[in-house]
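J.: Any chance you can model this:
(4 chains)
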Amino acid sequence: MAVKLRGESFDPWQALQTHQNEKPELAGKFGATSIFVGTMRDFNDGNDVQAMALEHYPAMTQKHLEAISTEAGQRWDLLDTLIIHRYGDIQPNDPIVLLAVWSAHRSESFPACRYLIEELKTRAPFWKQETTGANSHWVEHNTPG
Amino acid sequence: MAVKLRGESFDPWQALQTHQNEKPELAGKFGATSIFVGTMRDFNDGNDVQAMALEHYPAMTQKHLEAISTEAGQRWDLLDTLIIHRYGDIQPNDPIVLLAVWSAHRSESFPACRYLIEELKTRAPFWKQETTGANSHWVEHNTPG
Amino acid sequence: MSITVKFFASLRETIGKSDVSLDADNITTAADVWRIATDNHDPVGNMLIAINMEYASLDEMVKDGDEVAFFPPVTGG
Amino acid sequence: MSITVKFFASLRETIGKSDVSLDADNITTAADVWRIATDNHDPVGNMLIAINMEYASLDEMVKDGDEVAFFPPVTGG
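T.: Predicted coordinates for the structure are as follows:
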């Protein structure tokens, strides 16, 4: 189980490769990996978005992402989880969040991955501020799952 | 939309990176990517598995994987899909299948990704033959989703 | 009429054939294809049938040039 | 008693403060913390409260050394 907060852009595919390489003990044990990547779009609610700043409450973010991972591991039979979440200044097409779940069977990994993103969206203290044209505004709500 | 059948081992993370790089027109459009990777385990139904051979019906496989992708695109608002499936001799820890769905929102990508794997497991003409100890046997049923 | 017949996986081993080309006039349905191509082997309980790569049933009609395949339940992914 | 107070995002801008250290004796609940730290600003309708990084409500008790945070609905992921 790993939770990483990143202030710089990251490559989710590279991160997955690195994470799996660092866990040779999982080789041959997992049959299912479910992954979600949330990426910054260049439009939202009909407006062009030039840039985004993602504020967070660092210690609380870390704590709640770890709690969500632990809860997922209690609800489903998981071998490993990985959460990477950006903060700071984000450009369109930048990955914002990566969630990955490894399990023996897909009946565990699929609902666990969904659980991670829905709980993260509800509980993890991040706030998006979008720049559209000359103006910045706080995003007031997330898209429902 | 891409469907690829591979006779050799492939790296799903590399394949995702390559696929996304080849689709610059998607940059900034997708907010959600849902991915499933099915990987060969070294045990199944309580037995150690040394190796696996995956037989298929090539033209029918291609046709049905394309049909499943098309259906997913009719049911959900998707920007792109990628399916890569192995055939031939497979070793433990080798990826067998990669499914990826790109959409604006996760409410589209999550069910579409699940749909792809469940339909693939039911309809795509692949057959697994496992080698356990000195013996080979055909796998008679898939793990339910 | 001419029919291409294919057997896959455990069914290929059970029947002992992978490909058969039929050229016969007494063929109406997939069941006829099975009967002639397998020399009257009993149909296997859970087997699947595809005509021209679409799932079909034993009583489905076949026509000249069709490809008919018989195989066990699929186990990919 | 000593309370660390934090405001985030739009609430930080509304209140005009990010961090406040309170050292007062008339504090019982998170509502008291809000009142003193914001100089009697009306509570914001949909704001969230965390005490020591766990979600809480305005009527929850605080104790010496607690960290109390106020922020708008979260929009991560």
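J.: tell me which element the residue in chain C that chain A sits nearest to is part of?
T.: Scanning chain C for the residue nearest chain A gives C:Gly77, at 8.5 Å (criterion: C-beta to the nearest C-beta). Just so you know, the C-beta spots here come from the backbone N, C-alpha and C atoms, and that holds for glycine as well. Per DSSP states H and E: C:Gly77 is located in neither a helix nor a strand.
J.: Cross-check the contact I'm expecting between it and B:Glu119.
T.: No - in this structure, C:Gly77 sits apart from B:Glu119 without contact. The criterion is C-beta atoms under 8 Å, and the distance is 9.7 Å.
J.: If you count surrounding residues, which of those two has more?
T.: For C:Gly77 against B:Glu119, the residue with the higher neighbour count under other C-beta atoms under 10 Å in any protein chain shown is C:Gly77, and the figures read 26 against 18.
J.: ok, that one - contacts?
T.: Under the criterion of C-beta atoms under 8 Å, 6 or more residues apart in numbering or on different chains, the neighbours of C:Gly77 are B:Gly38, B:His85, B:Ile96, B:Val97, B:Ile117, B:Leu120, B:Lys121, B:Ala124, B:Phe126, B:Asn142.
J.: run the last query once more with 6 Å
T.: B:Gly38, B:Val97, B:Ile117, B:Leu120, B:Lys121 (C-beta atoms under 6 Å, 6 or more residues apart in numbering or on different chains).
J.: Look up how far D:Gly65 lies from it.
T.: Applying C-beta to C-beta, to the nearest Å, one obtains 54 Å for the distance of C:Gly77 from D:Gly65.
J.: and chain A, which residues reach chain D?
T.: With C-beta under 6 Å from any C-beta of the partner chain as the criterion, chain A comes near chain D at residues A:38, A:55, A:57, A:60, A:63, A:97, A:117, A:120-121, A:124-128, A:138-139, A:142.
J.: Just the ones of the residues you listed in strands?
T.: Filtering these for membership in strands, criterion DSSP state E, returns A:Gly38, A:Glu55, A:Val97, A:Phe126, A:Trp127, A:Lys128, A:Trp138.
J.: filter those to the buried ones?
T.: Judged by neighbour count, with 16 or more other C-beta atoms under 10 Å in any protein chain shown as the criterion, the buried members of those are A:Gly38, A:Glu55, A:Val97, A:Phe126, A:Trp127, A:Lys128, A:Trp138.
J.: which one of the ones in strands among the residues of chain A next to chain D is nearest A:Lys29?
T.: Within those, proximity to A:Lys29 (C-beta to C-beta) peaks at A:Val97, which comes in at 25.4 Å.
J.: you'd agree that closest one is up against A:Gly38?
T.: Yes - the criterion here is C-beta atoms under 6 Å, and A:Val97 meets it with A:Gly38 at 4.2 Å.
J.: now the ones in strands among the residues of chain A next to chain D as JSON lines including pLDDT and distance to C:Thr38?
T.: Conversion of these to JSON lines gives the following (pLDDT from 0 to 100; distance: C-beta to C-beta, whole Å):
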{"residue": "A:Gly38", "pLDDT": "98", "distance to C:Thr38": "53"}
{"residue": "A:Glu55", "pLDDT": "98", "distance to C:Thr38": "70"}
{"residue": "A:Val97", "pLDDT": "98", "distance to C:Thr38": "55"}
{"residue": "A:Phe126", "pLDDT": "98", "distance to C:Thr38": "63"}
{"residue": "A:Trp127", "pLDDT": "98", "distance to C:Thr38": "68"}
{"residue": "A:Lys128", "pLDDT": "97", "distance to C:Thr38": "64"}
{"residue": "A:Trp138", "pLDDT": "95", "distance to C:Thr38": "70"}
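J.: From these, pick the one nearest B:Glu22.
T.: The shortest gap between B:Glu22 and any of these belongs to A:Gly38, at 21.3 Å (C-beta to C-beta).
J.: what sits against the closest one?
T.: Applying C-beta under 6 Å, 6+ apart, we find A:Gly38 in contact with A:Ile96, A:Val97, D:Gly77.
J.: now with 10 Å?
T.: By C-beta atoms under 10 Å, 6 or more residues apart in numbering or on different chains, A:Gly38 lies in contact with A:12, A:85-86, A:95-99, A:117, A:120-121, B:30-33, B:105-106, B:109, D:76-77.
J.: likewise A:Gln129?
T.: If you count contacts by C-beta under 10 Å, 6+ apart, A:Gln129 has them with A:51-55, A:89-90, A:136-139, D:9-10, D:13, D:75.
J.: burial of the residue nearest to it when sequence neighbours are not counted, as a residue count?
T.: When the adjacent residues along the chain are set aside, A:Gln129 lies closest to A:Ala53, with 4.6 Å between them (C-beta to C-beta, 6 or more residues apart in numbering or on different chains). A count of neighbours around A:Ala53, defined by other C-beta under 10 Å, yields 16.
J.: hmm, what's the outermost residue in chain A?
T.: A:Ala134 (28.6 Å; C-alpha atoms, centre = their mean).
J.: How about chain C: which residue is closest to chain B?
T.: Residue nearest to chain B within chain C: C:Gly76 (2.7 Å; C-beta to the nearest C-beta).
J.: for that residue, what are its contacts?
T.: Listed by C-beta under 10 Å, 6+ apart, the contact partners of C:Gly76 are B:38, B:54-56, B:61, B:65, B:85-87, B:96-97, B:117, B:120-128, B:139, B:142.
J.: Quick check on those: which are buried?
T.: Buried residues within the contacts of C:Gly76, defined by neighbour count using 16+ other C-beta under 10 Å: B:38, B:54-56, B:61, B:65, B:85-87, B:96-97, B:117, B:120-121, B:123-128, B:139, B:142.
J.: For the residue of chain C closest to chain B, give me the backbone phi and psi.
T.: Backbone geometry at C:Gly76, expressed as degrees, to the nearest 10, gives phi -90, psi -170.
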